[in-house]
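[1] Next comes the sequence, and after it the predicted model I'd like to discuss.
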Amino acid sequence: MSSVSALDDQLDAPVTAPPRTRSCLRCQSDFQSEWAGERICKRCKGTAAWREGGPAMTPSGAAI
């Protein structure tokens with residue numbers, strides 16, 4: 001294997017960040033995010049509004 005091939009393999013490897021605590025963009029509660037793009041907690045994702053694609057609501061109940 002050449003050094004160029006080894007470098008290509010490294011560049012193709014997915015970059016994974018460790019799970020981290022984030023603030024939910026919907027309810028503002030802290031939750032354990034599994035990946036860098038996860039910004040909504042499981043509780044909010046489990047709501048009927050989320051599943052039906054309803055408008056996002058702020059903690060005060062206002063639609064955004």
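    Structure's in. What do you need? Residues are numbered from 1 along each chain as shown.
[2] What segments of this structure are helices?
    Counting by DSSP state H, the chain has helices at residues 3-12, 42-45, 48-52.
[3] remind me which residues of the protein are low pLDDT?
    1-15, 55-64 (pLDDT under 70).
[4] Run through the strands of this structure in chain order.
    Secondary structure of the chain by DSSP state E: the strands cover 20-23, 30-33.
[5] list the buried ones in stretch 20-33?
    22, 24, 26, 31, 33 (16 or more other Cβ atoms under 10 Å). The way it works is simple: take the backbone N, C-alpha and C, and place the C-beta from them, glycine included.
[6] Give the closest residue to the second one in space, chain neighbours not counted.
    In this structure, C24 finds its nearest non-sequential neighbour in C41, 4.1 Å apart by Cβ to Cβ, 6 or more residues apart in numbering.
[7] Mind picking the two most distant members of the buried residues of stretch 20-33?
    R26 and S33 (13.3 Å; Cβ to Cβ).
[8] and which of the buried residues of stretch 20-33 is nearest to A48?
    Distances from A48 to the buried residues of stretch 20-33, taken by Cβ to Cβ, are shortest for R26, at 13.4 Å.
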